[in-house]
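Peer 1: With the sequence up front, the predicted model follows.
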Amino acid sequence: TFPLVLLQFVVLRVLLALLWRPWGFFERGSDVGAYEQRARLALRGLQPYLDYWVEYPPVFPWTASGLKLLSIHFGGTEAAFQVLFSLLLVVFETGTLILIYRIVTRIWDEPRGLLAAVAYALLFYPVYIANRNFDGIAVFFLLLGVYALVQGHRHSATLALALGLLTKVFPVAGFPALLSGATLTSRARYLAIALGLVGGAMLPLALIG
């Protein structure tokens with residue numbers, strides 16, 4: 001059953017977040033160390049975009065700053081930041097698993113939804129990536145947009161995809177599905193909402209920073 005798959009997934013991911021050290025055959029270390037180094041600026045009262053340049057959209061840099069400030073309560077070390085980062089990704093990865101199950105169940109049926117969830121839970125690469133960078137957050141928002149689309153909620157899908165764009169660029173891949181089958185007026189409205197949300201977040205930061 002899906003609740004059993006979900007329980008197994010969460011337990012495995014939490015244990016990996018607490019115990020796994022990302023050293024392997026591909027390369028040593030991970031991007032999380034670089035995130036932590038930059039997030040240390042939050043200890044001096046400096047925030048991304050407002051006080052220094054950062055190449056990522058704003059959702060994750062501010063999240064990383066928050067994680068660094070939170071890590072003070074657990075020793076403030078890089079290891080503490082790594083564990084908090086990995087636990088945060090467990091939340092988004094769990095959401096991704098649920099969305100995969102619901103999307104496939106909605107499009108086909110419950111047995112195929114369960115099969116898709118089991119297949120995702122057994123994949124190695126998402127586990128590897130979840131302990132190395134924050135792509136899992138953007139993937140969650142992309143799939144949240146897809147789930148809203150298959151339910152027919154295009155405005156909610158627009159909001160989810162815009163949040164994805166404020167995390168990383170690749171959730172733009174969901175926009176062809178958002179615009180497909182819509183009238184010209186509706187397409188203009190969805191794009192205006194998305195651009196308004198992204199621009200409304202980015203423009204003030206560009207002016208202030």
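Peer 2: All right, it came through fine.

Peer 1: What helices and strands are in contact with the longest helix anywhere in the chain?
Peer 2: In the chain, with assignment by DSSP state H, the single longest helix is helix 78-107. Contacts defined by 3 or more C-beta pairs under 8 Å, 6 or more residues apart in numbering; DSSP states H and E place helix 78-107 against helix 2-19, helix 32-39, helix 59-71, helix 110-122, helix 124-130, helix 135-150. Using the backbone N, CA and C atoms, a C-beta is placed for each residue, glycine as well.

Peer 1: Okay, buried residues for the shortest one please.
Peer 2: Using 16 or more other C-beta atoms under 10 Å as the burial criterion, the residues of helix 124-130 that qualify are P126, V127, I129, A130.

Peer 1: Could you do the fourth one as well?
Peer 2: Residues of helix 110-122 classed as buried under the neighbour-count rule (16+ other C-beta under 10 Å) are G113, L114, A116, A117, Y120, A121.

Peer 1: cool, the first one as well?
Peer 2: Taking 16+ other C-beta under 10 Å as the basis for neighbour counts, the residues of helix 2-19 that come out buried are F2, V5, L6, F9, V10, R13, A17.

Peer 1: helices or strands next to it in the packing?
Peer 2: Counting contacts by 3+ C-beta pairs under 8 Å, 6+ apart, helix 2-19 packs against helix 78-107, helix 110-122, helix 124-130.

Peer 1: could I get the ones you listed as TSV with distance to S30?
Peer 2: Shown next, in TSV, are the helices and strands packed on helix 2-19 (distance: least, C-beta to C-beta, whole Å):
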stretch	distance to S30
helix 78-107	8
helix 110-122	21
helix 124-130	9
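
Peer 1: Nearest to L43, out of those?
Peer 2: L43 sits nearest to helix 78-107 of all the helices and strands packed on helix 2-19, at 11.4 Å, using C-beta to C-beta.

Peer 1: and the closest one, how far from the chain's centre?
Peer 2: How far helix 78-107 lies from its chain's middle: 8 Å, per C-alpha atoms, centre = their mean, to the nearest Å.

Peer 1: got the angle between that helix and helix 135-150?
Peer 2: Helix 78-107 runs at 20 degrees relative to helix 135-150, counting by axes from the mean of the first three to the mean of the last three C-alpha atoms, to 10 degrees.

Peer 1: What average pLDDT does helix 78-107 get?
Peer 2: Taken as a whole, helix 78-107 has a mean pLDDT of 95.

Peer 1: one step back: which one, of the helices and strands packed on helix 2-19, ends up nearest to A39?
Peer 2: When these are compared by C-beta to C-beta, helix 78-107 sits nearest A39, at 6.9 Å.
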